[in-house]
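**Q** give me a 3D structure for the following:
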Amino acid sequence: MPTPNRISRRRFLEITGVAAAATATTAWTAESYARVIGANDRIHVGFIGAGGMANAHMSTYLKLKESNNLQAIAVVDCWKTRAEAGAAKTEALHTLTDYRLLLDMKDVDYVTIATPEHQHARMTLDALDAGKAIYCEKPMTHTIPEALAVKKKQEETGLPVQIGVQAMSDDSYISARQAIEEGIIGKVVHAQIEYVRRYNEQGPWRDPDLNEAMPKPADLNWKDWLGPAEPIEWNPHHYFEWRNYAAYSGGIATDLFIHRITRIMKALNLLYPRRVVGMGGIWQWNDDRDLPDNFEMICEYPRGMTVYVLGTMSNRVGIDHLIRGYRGTLYFTSEGWVAKDKEDKVLAEHKKTGAEDTVLHHTNLHNHLRNGEELNCPVALGLAGTTAVVMANESWRTGQMMGWDSEIQQMVPCHTQEHNPYPEADDNPS
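**A** Residues are numbered from 1 along each chain as shown. Reported below is the predicted structural model:
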């Protein structure tokens with residue numbers, strides 16, 4: 001039974017004229033969405049969130065507005081001033097402070113969700129219930145149960161959900177998967193990748209000009225911003241610097257590592273890790289943050305391999321991004337990838353098309369809506385990335401190695417899980 005401020009999926013089908021071809025239990029397909037939009041018709045966009053990353057998406061929208069035939073219908077933000085600025089920037093028809101009002105608009109084809117991580121799941125689930133396609137910033141959700149709920153809901157509705165790991169619009173990783181599956185480097189045993197930076201004296205995600213005594217803006221709905229997080233009094237550090245606090249973010253793991261480990265997951269078709277360890281600490285900027293400023297993680301996968309991710313906010317010297325196999329090593333480069341054997345002989349190489357680019361990533365979603373082009377970062381890949389980085393953060397927080405219990409679909413401390421040193425045939429049952 002739909003609530004008064006939400007249209008049901010059945011009502012959405014009635015409005016768009018395809019109710020005769022679908023019931024409330026029929027999953028949507030790219031083809032059915034294309035029938036609604038039309039191959040050459042305008043795609044109507046709604047923006048949920050109007051902060052920093054959201055503005056980057058608005059800039060992408062402006063680049064694509066003419067070429068991809070788009071129209072901004074509304075911009076939503078719980079801080080009205082930001083919503084108004086976003087609407088002015090995009091020339092959207094409406095300014096809103098409650099995202100649910102946007103979801104009620106029948107002429108919105110897809111929404112871009114660019115809010116703090118702790119809001120992603122609720123907004124995504126609500127958007128799916130309202131019959132909207134979605135572009136959701138990474139990570140897909142803040143927790144693993146939320147990620148599983150999104151996957152379930154997306155499968156039930158069949159609606160398109162693109163996760164904002166824009167590097168997936170670089171074809172290097174799907175090309176690497178094809179080469180690896182053909183045996184170019186033999187049995188894979190290890191992969192490594194990094195995300196390293198060096199921040200200034202204020203540390204990562206701090207605003208040196210922030211006034212700690214800043215009062216809450218009169219037109220900002222603090223309760224709505226907190227959403228599912230624990231209620232607290234207005235705190236400008238939490239609002240403007242939310243990536244430093246576990247109530248809203250996973251910090252380095254979910255904001256940065258997700259970009260890197262998803263590349264490896266796509267190249268190797270990985271889903272749930274068998275066990276994960278996260279290590280690091282608040283070693284450089286011991287302020288009131290509760291997430292590490294230096295971090296690294298190791299994931300072991302049931303097929304019999306490990307993935308290592310290095311991260312530091314104190315030093316920008318990185319390591320090679322590569323996948324090691326028994327016959328050779330596949331190196332990711334700025335131009336694509338090259339595979340070499342132990343004698344440094346080139347076995348194969350790939351010159352990439354595409355890039356880590358929001359223009360390409362949004363266009364991929366537009367093409368999916370119009371003609372069924374395969375999504376570059378669908379929900380299954382979003383779930384894989386979220387699971388690994390959340391397990392790593394929990395390992396760091398508890399000081400325990402975390403394991404994945406496939407029977408109950410939950411992470412558990414490894415001491416409660418029997419370890420099998422012999423790999424299974426497949427770690428991706430889906």
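
**Q** residues contacting residue 317?
**A** The contact partners of residue 317, taken as CB atoms under 8 Å, 6 or more residues apart in numbering, are residue 196. The C-beta positions use only the backbone N, C-alpha and C, and glycine is treated the same way.

**Q** 10 Å instead, please
**A** With contact set as CB atoms under 10 Å, 6 or more residues apart in numbering, residue 317 has these partners: 194, 196, 198, 310.

**Q** so who does the second one touch?
**A** Going back to what we said before, that points to residue 196. Contact partners of residue 196, counting by CB under 10 Å, 6+ apart, are 256, 294, 310-319.

**Q** ok, it to residue 113 distance?
**A** From residue 196 across to residue 113, the span is 28 Å (CB to CB, to the nearest Å).

**Q** which parts of the stretch 51-200 of the chain are strands?
**A** 70-76, 94-96, 110-113, 133-137, 161-164, 188-196 (DSSP state E, counting those that start in this stretch).

**Q** want to throw these into JSON lines with mean pLDDT and distance to residue 341?
**A** Output for the strands of the stretch 51-200 of the chain, formatted as JSON lines (pLDDT from 0 to 100; distance: least, CB to CB, whole Å):
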{"stretch": "strand 70-76", "mean pLDDT": "98", "distance to residue 341": "47"}
{"stretch": "strand 94-96", "mean pLDDT": "98", "distance to residue 341": "58"}
{"stretch": "strand 110-113", "mean pLDDT": "98", "distance to residue 341": "44"}
{"stretch": "strand 133-137", "mean pLDDT": "98", "distance to residue 341": "40"}
{"stretch": "strand 161-164", "mean pLDDT": "98", "distance to residue 341": "35"}
{"stretch": "strand 188-196", "mean pLDDT": "97", "distance to residue 341": "14"}
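
**Q** tabulate the contacts of residue 196 (JSON lines), appending secondary structure and pLDDT.
**A** What follows is the contacts of residue 196, written out as JSON lines (DSSP: H, G, I helix; E, B strand; the rest coil; pLDDT from 0 to 100):
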{"residue": "256", "secondary structure": "helix", "pLDDT": "96"}
{"residue": "294", "secondary structure": "strand", "pLDDT": "97"}
{"residue": "310", "secondary structure": "strand", "pLDDT": "97"}
{"residue": "311", "secondary structure": "strand", "pLDDT": "95"}
{"residue": "312", "secondary structure": "strand", "pLDDT": "94"}
{"residue": "313", "secondary structure": "coil", "pLDDT": "95"}
{"residue": "314", "secondary structure": "strand", "pLDDT": "95"}
{"residue": "315", "secondary structure": "coil", "pLDDT": "96"}
{"residue": "316", "secondary structure": "coil", "pLDDT": "95"}
{"residue": "317", "secondary structure": "coil", "pLDDT": "97"}
{"residue": "318", "secondary structure": "coil", "pLDDT": "96"}
{"residue": "319", "secondary structure": "coil", "pLDDT": "97"}
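
**Q** out of the residues you listed, which is nearest to residue 117?
**A** Of all these, residue 117 sits closest to residue 256, with 12.4 Å by CB to CB.

**Q** shouldn't that closest one be in contact with residue 392?
**A** No. Residue 256 is beyond contact range of residue 392, at 11.9 Å (criterion: CB atoms under 10 Å).

**Q** out of the two, which sits in the busier spot?
**A** Taking neighbours as other CB atoms under 10 Å, residue 256 and residue 392 compare with residue 392 leading, 29 against 23.

**Q** relative to residue 278, how far out is that one?
**A** Residue 392 sits at a distance of 3 Å from residue 278 (criterion: CB to CB).

**Q** what do those two both touch?
**A** By CB under 10 Å, 6+ apart, the residues touching both residue 392 and residue 278 are 252-253, 257, 295-299, 309, 402.

**Q** for residue 259, helix, strand, or coil?
**A** With DSSP: H, G, I helix; E, B strand; the rest coil as the basis, residue 259 sits in helix.

**Q** which ones are touching the residue lying closest to residue 80 once chain neighbours are set aside?
**A** Excluding the flanking residues, the one nearest residue 80 by CB to CB, 6 or more residues apart in numbering is residue 219, at 3.9 Å. Counting by CB under 10 Å, 6+ apart, residue 219 touches 78-84, 97.

**Q** next one: residue 55
**A** Neighbours of residue 55 in contact, by CB under 10 Å, 6+ apart: 47, 49, 82, 85-86, 89-90, 114.

**Q** gap between the residue nearest to the spatial centre of the chain and residue 181?
**A** Note on the chain: the residue nearest the mean C-alpha position is residue 138, at 2.2 Å, using CA atoms, centre = their mean. Applying CB to CB, the value for residue 138 to residue 181 is 25 Å.

**Q** the helices in the stretch 101-250 of the chain, which residues?
**A** With helices called from DSSP state H, counting those that start in this stretch, the stretch 101-250 of the chain shows them at 120-129, 144-157, 172-181, 222-226, 236-240.

**Q** beyond whichever helix in the chain runs longest, next helix or strand please.
**A** In the chain, taking DSSP state H as the definition, the longest helix is helix 379-398. Toward the C-terminus, helix 379-398 is succeeded by strand 402-405 as the next helix or strand (DSSP states H and E).

**Q** what's that next one in contact with?
**A** When contacts are defined by CB under 10 Å, 6+ apart, strand 402-405 is touched by residues 144, 271-278, 299-302, 387-388, 390-396, 410-419, 427.

**Q** again, only using 6 Å
**A** Outside strand 402-405, the residues that touch it by CB atoms under 6 Å, 6 or more residues apart in numbering are 272-273, 275-276, 391, 394-395, 411-412, 414, 417.

**Q** neighbour-wise, which one of those residues leads?
**A** When neighbours are taken as other CB under 10 Å, the top entry among the contacts of strand 402-405 is residue 276 (28 neighbours).
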